[in-house]
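Chemist: Have a look at this prediction, sequence included:
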Amino acid sequence: MCSGYPAFIIFVMNNIRNFCIIAHIDHGKSTLADRILELTGLIRKTSMDQMLDSMDLERERGITIKAKSVRIPYRAADGKEYILNLIDTPGHVDFSYEVSRSLEACEGAVLLVDATQGVEAQTIANANLALEAGLKIIPVINKIDLPNAMLDDCALQLYTMLGLGIEDILHVSAKDGRGVAELLEAVVERIPAPEGESSGPLKCLIFDSFFDPYRGVIPHLRVFSGRIAAGDKIMLKSSGRVFEIEEVGYFSLGLAQSEQLQAGEVGYAVALIRNAGEIHVGDTVVSADHSDVPAVPGFRLSQPMVYCGIYPIITSDYAKLGAALDKFKLNDSSVVFEKENSAALGYGYRIGFLGMLHMEIALERLRREYEQDIIATMPSVIYRVICLNGDVLMLDNPSKFPPEGQIDHIEEPVIRTRIIVPSDYVGPCMELSDAKRGVLVGIEHPDDKRAILIYDLPLAEMITDFYDRLKSVSRGYASMDYEMNGYRAGELVKVDILVNNGPVDALSYIAPRENAATRGRALIHKLSKTIPKHLFKIPLQAAIGSQIIAREDIFPMRKDVLAKCYGGDITRKRKLLEKQKEGKKKMKMVGFVEVPQEAFLSLMKIED
Amino acid sequence: MRGLYIHIPFCISKCSYCDFYSVYAKPELMDAYIDALLVETIRYSGMDFATLYIGGGTPSILGAERLEKLICGLRRIFDLADLREATIEVNPESAGIDLLAALYRLGVDRVSIGIQSLNEEELKKSGRAHNRRQALETVNAAFSVGFRNVSADIMIGLPGQTVQSLADTLNMLIGAGVNHISAYCLSVEEGTSFYRYPPPDLPGEDGQASLFEYAVGILQTRGFVHYEISNFASPGSECLHNLNYWRGGEYLGLGPAAASHVGGKRFRNAPGLERYLADPLSDREGEERLEGARKAGEEAMLRLRLIQEGLDMQEMAGKYGRNAIEGLEAKLNELVKRRSLARERDVFRLQPACVLTSNSVFIDVIG
């Protein structure tokens, strides 16, 4: 190694800033990132496009699903050249583990607050994650161009709710660019440069990855010590698997190959890793020669929280669906899936997701990008079923529950949720939380305008409609965040739905005993409106074990006829029948009953 | 055998349930229309037909003179030497005895009267332009001038209709001698007066089904054969022209929006009276030629409407070849298992109980 090298490295390290932007959803994170890229000349101001959100779905939902990062060359006011590594983070509670790993790769965080909304639940959650990770926080109030901006209120909230110094707060408008230059200076001045010895043994954190069809899984790395270059043999700490590095580089707007990555830097590595299951966010990469280097703490495998079944609408498409899922998993290693067989729906898959949003996005991507015609069943949490014989079963599918008589009791996962709500709406929010079987843990009053309600709430309630209802009872003002908080025993029962006297496994659900019948009636009623009339009478029943708790019948269809069919009608009538036929193809045969797809989701939309 | 259909798109008023295209019957418009029809015929000059059907609209509105001009023109241009049936649709308010006599002299031998009901209340609520007396007079007049085939259209599911009023209508018609009845279930279509202002006493689907089943019972007791989903006839009085549609036969339609099935192709004229008057020979549209299994499926859908005659697979095999009908036969056998169809040797027939729900059968049968 040449003698001038270490000095050069120190020089580089001092001029690197690794940071991320964290915010509540819609507080302007992506817009700010765009403005930074423009101001530093990395992109030209061309359009409204937000560079960091490339997936269509992300754009539509305004959510960044997968973290991405970009290396920005920046000449600061002090005349020196800096490298700013902006690491994008997902902005939703489903992805809080991913967020924490992205934060681990940084030394500082820009905490963005919408001047018209103030501090919200995910602002707090993300800020706490950043503080736990030991990051330097730069508080920033965004959208100061809006006439209803509440600069003082926001500043006070940042102080009282997060303990951030009012004098440290910057004001920006990501929309018109005001204050962004000052923010970049603050990033350079306030966020510490990374530390670490490039001459030491290799230690990198994987904080994200993506799949390239030609080069396999490409992990995103933050190097803490040592250096990594093509030809190196590396080892993944969690699995002990060894790979040879083919290429390393930085994130420019695309991938920019470089000779090496060294301590303090952020970049990617190509190592021909074919299976996305090999790469886990949070894992540590070390040199195969120095495999005893300790791992970056905090690694865990992402845990699915919500499961649902997916089935091809056309039974013979089962193999195609399997292939699509394999491909999908390469892109999103956090989904888990296994084969499942439903008496009602045939062969399909049980898929686990990090949360409801993750599920919705994944299903939509499967439908849109992977062109799969699928039915998704009611989402379920993982129940802990304690049997009379002492067995403890972890079950994510109500249809797999043992018979009622063998169950001692059922426990369900609980979340601890923090709901931030204006004082005027505390009443309705508490009523809702109580109705959803929440247990109040505490109330905080950060200022005289808002309260923070802390509840322990069954996750099952959360994944049905809690968030939508919360938004509606608070006129959109409440925001929430949650974390898992163990299991709690409940008076829970499994309810079976019988269509034409046969149980439809895909419609079984777990409910608290006291409102099992109400929900059963509501579901049965909804089904009676969803399933079309048939030529015979169809009884619909809800049952706990052998006890029927709700019943409704669909009476037989008596008239479905084209009364007139003469010369002028033949083509038109044939086309009419063809259209009817197409509609029928979209239904699932359950016994002799044609059940439309909506039926399998109708339970989700039922209010107690 | 080939049928000739002449469309007459004129009416004097719009019925509350009707969504058909029709135009108010102005004399000069009707004159021009006859001329236009005769221009269109030239395109098919010399073609031969076994049946003629003048339908609408309300053909009787044209009056004797125009109808004479039309029918004579048709005889001149087409080969009608072997005509076996000539039907005209008439409405009671515009079909007096003189008109009927003139039609009979012109060789028309079957008259189909748009009666709908003989209950005054039902007629009034439906916006019909006639009453019971006029309707029965028309029937009598038709017989008195020599017609032996008189059909009546009646409607099932009119506002306020009951099994009693329906029975009265049917019994009076049969008593008056009609030997053919078409009974249509009313359907409330968009754009109709019933759609905009649904009468409170309009029978629902189940009510209609009960009324229809009741009508079937009465007609069968009185010796009528339920030969097609909506058609009943005393034996031997079935409408030949319509039978040809349901047997997948060929026909030529003249007039705006009229449909044809000629040389294995289905096509139709452009819609709109004005356009037709301006150019009766304008391009035809929607040309479609179904092949093999799809054509067989279409024919099966039509033939199964013939409740007594049914669908003879021996005949289909002769027409389309064994291969083309293999899939069809499998589906038909499946429907037999579901008891929607009955099979007797090579003939499949709709089960009587499935007549009113026959769409579910036809959906499986088509292509």
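Modeler: Done, it's in.
Chemist: How about the contacts made by the residue in the stretch 1-150 of chain B that chain A sits nearest to?
Modeler: Using C-beta to the nearest C-beta, the point where the stretch 1-150 of chain B gets nearest to chain A is B:Y5, with a distance of 5.5 Å. Quick note: C-beta positions are derived from backbone N, CA and C, even for glycine. Contacts for B:Y5 were tallied using C-beta atoms under 8 Å, 6 or more residues apart in numbering or on different chains; they are A:567-568, B:53-55, B:241, B:251-254, B:258.
Chemist: In TSV, list the residues you listed along with neighbour count.
Modeler: Written out in TSV, the entries for the contacts of B:Y5 read as follows (neighbours: other C-beta atoms under 10 Å in any protein chain shown):
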residue	neighbour count
A:G567	26
A:G568	22
B:Y53	28
B:I54	27
B:G55	21
B:H241	27
B:Y251	26
B:L252	22
B:G253	23
B:L254	23
B:A258	24
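Chemist: and the residue of the stretch 1-150 of chain B closest to chain A, which of the three is it?
Modeler: When the structure is split into helix, strand and coil by DSSP: H, G, I helix; E, B strand; the rest coil, B:Y5 lands in strand.
Chemist: Could you check how far it is from B:D279?
Modeler: 20 Å (C-beta to C-beta, to the nearest Å).
Chemist: A:F600 too?
Modeler: The value you get for A:F600 to B:D279, if C-beta to C-beta is used, is 54 Å.
Chemist: Compare neighbour counts for the two and give me the winner.
Modeler: In this comparison of A:F600 against B:D279, neighbours counted by other C-beta atoms under 10 Å in any protein chain shown, the higher total goes to A:F600 at 25 against 12.
Chemist: Any chance you could list what contacts the helix or strand that contains the more buried one?
Modeler: Of the helices and strands defined by DSSP states H and E, A:F600 is found in helix A:598-601. Surrounding helix A:598-601, the residues in contact under the criterion C-beta under 8 Å, 6+ apart are A:345, A:375-378, A:506-507, A:527, A:530-531, A:588.
Chemist: follow-up on the earlier one: got a list of what the spatially closest residue to the residue of the stretch 1-150 of chain B closest to chain A that is not a sequence neighbour touches?
Modeler: Ranked by C-beta to C-beta, 6 or more residues apart in numbering or on different chains and with sequence neighbours excluded, the top spatial neighbour of B:Y5 is B:G253, at 4.3 Å. By C-beta under 8 Å, 6+ apart, B:G253 lies in contact with A:567-568, B:5-7, B:259-260, B:268-269.
Chemist: pLDDT check: weakest of these?
Modeler: pLDDT is lowest at A:G568 among the contacts of B:G253; the value there is 82.
Chemist: Tell me the pLDDT of residue 342.
Modeler: Defaulting to chain A. According to the prediction, A:S342 has pLDDT 86.
Chemist: meant chain B, my bad for not saying
Modeler: With respect to pLDDT, B:A342 scores 97.
Chemist: Bridged to it, which residues?
Modeler: B:R349 (DSSP bridges).
Chemist: hang on, it packs against B:A353?
Modeler: No. Using C-beta atoms under 8 Å as the test, B:A342 is too far from B:A353 to be in contact (10.4 Å).
Chemist: Which one's more surrounded, the two?
Modeler: Regarding B:A342 and B:A353, a neighbour count based on other C-beta under 10 Å identifies B:A342 as having more, with 15 against 11.
Chemist: how much space between the residue of chain B most remote from its centre and B:M316?
Modeler: Summary for chain B: using C-alpha atoms, centre = their mean, the residue whose C-alpha lies farthest from the chain's mean C-alpha position is B:N323, with a distance of 33.0 Å. When C-beta to C-beta is the yardstick, B:N323 and B:M316 sit 12 Å from each other.
Chemist: follow-up on the earlier one: from the contacts of B:G253, pick the one nearest A:A130.
Modeler: B:R268 (70.6 Å; C-beta to C-beta).
Chemist: Tell me the bridge partners for the closest one.
Modeler: According to DSSP bridges, B:A259, B:E285 are recorded as the beta-bridge partners of B:R268.
Chemist: what's around it, how many residues?
Modeler: In terms of burial, B:R268 registers 20 neighbours under the definition other C-beta under 10 Å.
Chemist: ok, now which ones touch it?
Modeler: When the contact criterion is C-beta under 8 Å, 6+ apart, the partners of B:R268 are A:568, A:571, B:253, B:257-260, B:284-286.
Chemist: one more time with 10 Å
Modeler: B:R268 is in contact with A:567-568, A:571-572, B:253, B:256-260, B:284-288, counting by C-beta atoms under 10 Å, 6 or more residues apart in numbering or on different chains.
Chemist: Go through those and name the one with the lowest pLDDT.
Modeler: pLDDT across the contacts of B:R268 is at its lowest for A:G568, which sits at 82.
Chemist: In chain A, which residue sits closest to chain B?
Modeler: Each residue of chain A has a distance to chain B, by C-beta to the nearest C-beta, and the smallest belongs to A:R558, at 3.7 Å.
Chemist: if you skip the residues just before and after it, what's nearest to that residue?
Modeler: B:A209 (3.7 Å).
Chemist: pLDDT score for that neighbour?
Modeler: Confidence score, pLDDT, at B:A209: 95.
Chemist: Okay, it and B:V365: tell me how far apart.
Modeler: 22 Å.
Chemist: for the residue nearest to the spatial centre of chain B, what are its contacts?
Modeler: Of all residues in chain B, the one closest to the mean position by C-alpha atoms, centre = their mean is B:N242, 6.5 Å from it. For B:N242, the contacting residues are A:565-567, B:3, B:51, B:53, B:85, B:87, B:112, B:151, B:180, B:182, B:227-228, B:231, B:305, by C-beta under 10 Å, 6+ apart.
Chemist: change it to 8 Å
Modeler: Taking C-beta under 8 Å, 6+ apart as the contact definition, B:N242 lies against A:566, B:53, B:228, B:231.
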